[in-house]
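>>> Here is my input, please return the structure:
(one chain, ligands or ions: 1)
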Amino acid sequence: MFIEEDQMKLDSRLEKETFKEQVKKNVKRLFRKDFKEASDKEIYQAVALAAKDVVIDQWMATQDAMEQQDPKTVYYMSMEFLIGRLLGNNLISLCAYDEIREALDELGFDINVIEDQEPDPALGNGGLGRLAACFLESLSSLGYAAYGCGIRYRYGMFRQKIEDGYQREVPDDWLHDSYPFELKRSEYSYEVKFGGYVRSENLPDGRIQFIHEGYNSVIAVAYDMPVVGYNNSVVNSLIIWDAEPKQVFSLESFDKGDYAKAVEDENLARSLVEVLYPNDNHISGKELRLKQQYFFVSASLQRAIQRYKKNHDDIHRMPEKVVFQMNDTHPTLTVAELMRILMDEEGLGWDEAWDITTHCVAYTNHTIMAEALEKWPIEIFSRLLPRVYNIIEEINRRFCLAIETKFAHDSARIARMAIIYDGQVRMAHLAICAGFSVNGVARLHTEILKNQELKDFYELMPQKFNNKTNGITQRRFLLHANPLLADWVTAHVGDEWITDLTVLRHLKVYADDKKAQHEFMNIKYQNKVRLAKYILEHNGIEVDPRSIFDVQVKRLHEYKRQLMNILHIMYLYNELKEHPDMDFVPRTFIFGAKAAAGYKNAKLTIKLINSVAEVVNNDASIGGKIKIVFIEDYCVSNAELIVAAADVSEQISTASKEASGTGNMKFMLNGAITIGTMDGANVEMYEEVGKENIFIFGLSSDEVINYEQNGGYDPNVIFNNDANIRKVLMQLVNGTYSQNDTELFRDLYNSLLNTQCTAKADTYFILKDFESYAETQKLIEEAYKDTKRWNKMAILNVASAGKFSSDRTIQEYVDDIWHLDKVTVRK
Ligand code: NBG
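Okay, the predicted model is just below:
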């Protein structure tokens, strides 16, 4: 529990001496202890509280500024926000990090240890959720008014444990000690209704009133988290919604025979916010997930409209002040719920409501993986959301007419494009039909959307389509993650890069500079030592910081081809065993990945990585030349350690499948060299850094698409002709890495060759790209041996990363889609 009244008032800066006093006082008040007896966790709570106090002043000032300046506001609607730990980042944004580090030092505490006490809320799967968090941070830092809207999952996604090489999912109890940076805002509570039926009444003025009855409902209660802008006093809010039962079970309702209903509502509330379904790209029509989507969308819209109406009389003019960005298809119900509120609660007619809606909502697509374009069975949908379903039916009817008008007699096209078809509601189609903007997240991805996946829609409404190449925030992924490199950059080009990453280009002149190279290499080495320490503590594996740190960290998915990476390691190991004296630069292969709980091959790949690690790491005959490490529970905070320490960044997806990637950018910014396919944002990184400074291999996206459409690839041919590949694949099924169960990895083997079933094999072109991958890995080794060349490449990667700031991305969203105004907050 926090006691907030009576706290010593700080001015808007965190000054060292005052801060020390404040921490001591907080420890006393919170824990009835002298700070010398306090645990690290208790100190963390006290420090967080002191920081929050300053943040709250700025937060209130921002609210005041918004009231007065009335800027247009974006609501970033997202099922996921992977915010990472907030203490360090808030201190950085307040420009107080160094001062507080010293203060803690003087009190006898290490700031890194204190920061590590904070839970890292796992409110997302991967890139999509982290992107949402980077976007909010950039919005604040650029001074735009924004709300993030999401769900306060009680247990987040899951915490990953590795047991006997297998992933085990355990609940991530991030709220256990209460989370110091959230603020419950009970005054923002809204009812959200599910089920029941709709009846209509004719009003005297000729309109029809729809009345929803017999429903279950929950109360959505807002928790706000501050999103602190860098050095500008702007603090926006991330709203995460909790669910509470409407009638808390009471004797009274029991007496009235409402017992069952009360229990039902209570269960509904609890289950709604329990976990994030880590279905990932595998949406399995989970009813509860649809409820979650409606829950947070409805609550967020109610709050946004209430806020708008507080200062504006004319609802028709809402698009001048409000825009909703839908992060993938998950929040697409925004379209229908906004229509419902405007018609049923604000009393507007269809055309007026449609006009407002279609000027307020925009959609971002984050993947072409077909299974991720959400579809819901009509039966579930109409039962759960009867009124919303009616509205979607009407949208669909009108949309099909519009298609018919432009492409007369093309019924196949209508079937392909309809929102409701074949017993299902297609959320992406609804989002595109109603959204005024549809964007992809890297140039190649947007082109594929326009020319392949969403071609029909592009032909009907080309003006909606645009690209916004993703970015990352340099405040977290360089300034906080890699303080040594951050200082080095500042020493060479000044600190302007913190708010304008393009300034990094001035580093180019140092790429060949002997002294600069030496310093750079030294920093990388120290970061590798830091990671090696983490690995020793967490995995019990000793790794050599002088070896190449070759890293692949990201969600586990077949298209990302972690399997190709581990197969290549198996191949290298075979080589080393056969030629013990071969020229070989020692390498540490580092993996980190969560697999969706129901995704069998992904989970089996984790087991394979760990099984190979077990054999290779313990084989004394190779003298430690290969080490394999699987980092448990990959998350934002360990990502920060990892990206700073990487030499090689693995971005090896099947071309055309990775929409953008953002990990690729984080590594580049920290001076790792990319080995990758021409996929997602790799293409743009290649353009920025030049072909000498990135290692590209494999099929192009056109080639992949061509094989997919016309056939012509048979992995068995490769298997039969390439003895090395054959040997590696046979090792999957002969017990080399699974002594007690030779069949353990059979499914992976089958996914590559599929000798048993008729289904297509190697749909991700692993064998096809293998040789090119292995050759390119050899080139990397050659390059690494030439220290000068390597350092030059690494520095040029940092120097060329300027484009990939989320500040740039956000500015493009603002200029082309959102048209926001800046807010100024007095300091
Ligand atoms: C992911 C893509 C990444 C992309 C992020 C952020 C999903 C559905 N999509 O390539 O796979 O970088 O979104 O745009 O998680």
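
>>> what residues does this structure put near the ligand?
By the rule C-beta under 6 Å from any ligand atom, the part of the chain lying against the ligand is 126-128, 131, 281, 328, 366-367, 372, 441, 470, 658-662, 680. The way it works is simple: take the backbone N, C-alpha and C, and place the C-beta from them, glycine included.

>>> Got a PyMOL select line for the buried ones in those?
Buried members of the residues of the chain next to the ligand, defined by 16 or more other C-beta atoms under 10 Å, are picked up in PyMOL with:
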select buried, resi 126+127+128+131+281+328+366+367+372+441+470+658+659+660+661+662+680
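
>>> For the residue of the chain most remote from its centre, give me its contacts.
For the chain, the largest distance from the centre (C-alpha atoms, centre = their mean) belongs to Pro204, which lies 50.4 Å off. If a contact means C-beta atoms under 8 Å, 6 or more residues apart in numbering, then Pro204 has no contacts.

>>> That one: which element?
Using DSSP states H and E, Pro204 is not contained in any helix or strand.

>>> Can you list phi and psi of it for me?
phi -60, psi -30 (degrees, to the nearest 10).

>>> If we ignore the residues flanking it in sequence, what's nearest Lys528?
Closest residue to Lys528 apart from its sequence neighbours, by C-beta to C-beta, 6 or more residues apart in numbering: Pro545 at 3.8 Å.

>>> and what of Asp265?
Closest residue in space to Asp265, ignoring its immediate chain neighbours: Pro245 at 4.5 Å, by C-beta to C-beta, 6+ apart.

>>> Run through the bridge partners of that neighbour.
For Pro245, the beta-bridge partners are Val218 (DSSP bridges).

>>> how long is stretch 707-724 from one end to the other?
24 Å (C-alpha to C-alpha, to the nearest Å).

>>> Kindly report the same for stretch 637-656.
29 Å.

>>> Can you list the buried residues in stretch 476-491?
476-486, 488-489.

>>> Just the closest of those residues to the ligand, please.
Nearest to the ligand among these, counting by C-beta to the nearest ligand atom, is Phe477 at 14.0 Å.

>>> Where does pLDDT dip in the protein?
Counting by pLDDT under 70, the chain shows low-confidence ranges at 1-14, 248-258, 278-285, 371, 755-759.

>>> Counting residues, which helix of it comes out longest?
helix 40-69 (DSSP state H).

>>> Quick check: Ala362 is in a helix.
No - under the criterion used here (DSSP: H, G, I helix; E, B strand; the rest coil), Ala362 is strand, not part of a helix.

>>> Distance check, it against the ligand.
15 Å (C-beta to the nearest ligand atom, to the nearest Å).

>>> ok, that residue touching Ile432?
No - using C-beta atoms under 8 Å, Ala362 is not in contact with Ile432; the gap is 10.4 Å.

>>> Common neighbours of these two, please.
What both Ala362 and Ile432 touch, as defined by C-beta under 8 Å, 6+ apart, is the set Val438.

>>> In the stretch 251-400 of the chain, what residue lies closest to the ligand?
His366 (3.5 Å).

>>> In contact with that residue, which residues?
His366 touches Gly127, Leu128, Leu131, Asn327, Asp328, Ala372, Val441, Ala659, Ser660, counting by C-beta under 8 Å, 6+ apart.

>>> repeat that for 7 Å
Leu128, Asp328, Val441, Ala659 (C-beta atoms under 7 Å, 6 or more residues apart in numbering).

>>> still on that earlier bit, how about the secondary structure of the residue nearest to Lys528?
Assignment for Pro545 (three-state DSSP): coil.

>>> likewise Leu796?
Assignment for Leu796 (three-state DSSP): helix.

>>> now His212
strand.

>>> Next: Asp172.
coil.

>>> Tell me how many other residues crowd it.
The number of residues packed around Asp172, counting by other C-beta atoms under 10 Å, is 24.

>>> now swap in Asn466 and tell me
16.

>>> tell me, what residue is most central in the protein?
Taking C-alpha atoms, centre = their mean, the chain has its central residue at Gly129, 2.4 Å away.

>>> quick one: contacts for that one?
Glu80, Phe81, Leu82, Leu123.

>>> can you redo the residues you listed as CSV with secondary structure?
Below are these laid out as CSV (three-state DSSP):
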residue, secondary structure
Glu80, coil
Phe81, coil
Leu82, coil
Leu123, coil
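
>>> Present those as a markdown table; the columns should include neighbour count and distance to Asn601.
Compiled in a markdown table, the contacts of Gly129 are given as follows (neighbours: other C-beta atoms under 10 Å; distance: C-beta to C-beta, whole Å):
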| residue | neighbour count | distance to Asn601 |
| --- | --- | --- |
| Glu80 | 25 | 23 |
| Phe81 | 27 | 28 |
| Leu82 | 24 | 24 |
| Leu123 | 25 | 26 |
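
>>> And the residue nearest to the centre of the chain, which helix or strand is it part of?
With DSSP H and E as the test, Gly129 turns up in helix 127-142.
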